[in-house]
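S.K.: My questions concern the predicted model and sequence given below.
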Amino acid sequence: MNILRTELDGPLILEPKVFGDARGFFMESWNQRGFDAAVGHPVTFVQDNHSRSARGVLRGLHYQLPPHAQGKLVRCTQGLVYDVAVDLRASSPTFGRWAGVELSGENHRQFWIPPGFAHGFLVLSESADFLYKTTAFYDQPSEAALRWDDPSVAITWPLDGIEPLLSGKDVVAPLLADARRFD
Ligand SMILES: Cc1cn([C@H]2C[C@H](O)[C@@H](COP(=O)(O)OP(=O)(O)O[C@H]3O[C@@H](C)C(=O)[C@@H](O)[C@H]3O)O2)c(=O)[nH]c1=O
């Protein structure tokens, strides 16, 4: 597994070793020992999620508040998405900054987003299957969101003229100035 850092302290891009042959490919999509070594400490996942979205769907930016804050290990198994993490750790030198990466069924990349970050993605293919593991259970009262197009965060989503399709709650998500942050 190849590990790439972003300009933010915490998120990691993981590139699993893919064994291709005449049948197709094989890869270890998660290996506890390798993952813990990459992150530098043991991580326990408790939930796996799967969503499917059409082109132009933008889910996010989402997080859960402590004590239900979630680390997420995300990947796209079919299609192509642009995936983004935003640093919401109040004491972080990179508070309010973002990192983005293309994840696809072709590049097999995974993105580790630790607790303390908002997360979202934009679908760039006709459809996309998005799978992720979380370190805490879904807790609806702890859900929080940050506006995807907050000018102070200024994420350069590769929209290319697409009008993103958002959920009702994402349309009215607060700007960074009003969003809940992590102490
Ligand atoms: C996230 C989640 C949702 N749900 C339910 C609640 C709701 O009725 C339905 C759809 O939920 P949402 O609209 O929040 O789904 P979605 O917009 O896909 O939410 C996800 O977005 C990405 C960007 C993330 O980072 C995830 O953590 C998660 O917040 O599924 C669960 O039962 N368990 C879960 O873990």
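M.R.: Sure, I can see it. Only a predicted model underlies this, so the values are computations on that prediction, with no experimental measurement involved.
S.K.: got a list of what residue 175 touches?
M.R.: Residues near residue 175 by Cβ atoms under 8 Å, 6 or more residues apart in numbering: 146-147, 150, 152. Quick note: C-beta positions are derived from backbone N, CA and C, even for glycine.
S.K.: What's opposite the residue most central in space within the chain in the beta bridge?
M.R.: Centroid-nearest residue in the chain, with Cα atoms, centre = their mean: residue 119, separated by 4.6 Å. On the basis of DSSP bridges, residue 119 takes part in beta bridges with residue 62, residue 85.
S.K.: Give me the pLDDT for it.
M.R.: Residue 119 carries a pLDDT value of 98.
S.K.: just to revisit the earlier point, may I ask which of the contacts of residue 175 has the most neighbours?
M.R.: residue 146 (27 neighbours; other Cβ atoms under 10 Å).
S.K.: residues contacting that one?
M.R.: Contacts were defined as Cβ under 8 Å, 6+ apart; by that measure residue 146 touches 60-61, 63, 86, 88, 118, 153, 173-176, 179.
S.K.: of the residues you listed, list those near the ligand.
M.R.: Among these, the ones lying near the ligand by Cβ under 6 Å from any ligand atom are residue 60.
S.K.: Please, a PyMOL command that selects the buried ones among the contacts of residue 146?
M.R.: In PyMOL syntax, the buried subset of the contacts of residue 146 is picked out as below (16 or more other Cβ atoms under 10 Å):
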select buried, resi 60+61+63+86+88+118+153+173+176+179
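S.K.: Might you enumerate the residues of the chain proximal to the ligand?
M.R.: Where the chain comes near the ligand, counting by Cβ under 6 Å from any ligand atom, the residues are 49, 51, 59-60, 62, 72, 119-121, 138, 167.
S.K.: just checking, which of those belong to strands?
M.R.: 49, 51, 59-60, 62, 72, 119-121 (DSSP state E).
S.K.: Dump the contacts of residue 175 into TSV; add secondary structure and pLDDT as well.
M.R.: Shown next, in TSV, are these (DSSP: H, G, I helix; E, B strand; the rest coil; pLDDT from 0 to 100):
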residue	secondary structure	pLDDT
146	coil	98
147	coil	98
150	coil	98
152	coil	97
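S.K.: Show me which of the ones in strands among the residues of the chain next to the ligand are buried.
M.R.: 59-60, 62, 72, 119-121.
S.K.: Tell me the pLDDT of the residue lying farthest from the centre of the chain.
M.R.: For the chain, the largest distance from the centre (Cα atoms, centre = their mean) belongs to residue 22, which lies 32.0 Å off. Listed pLDDT for residue 22 reads 98.
S.K.: same deal with the one 5 residues further on?
M.R.: On pLDDT, residue 27 comes in at 98.
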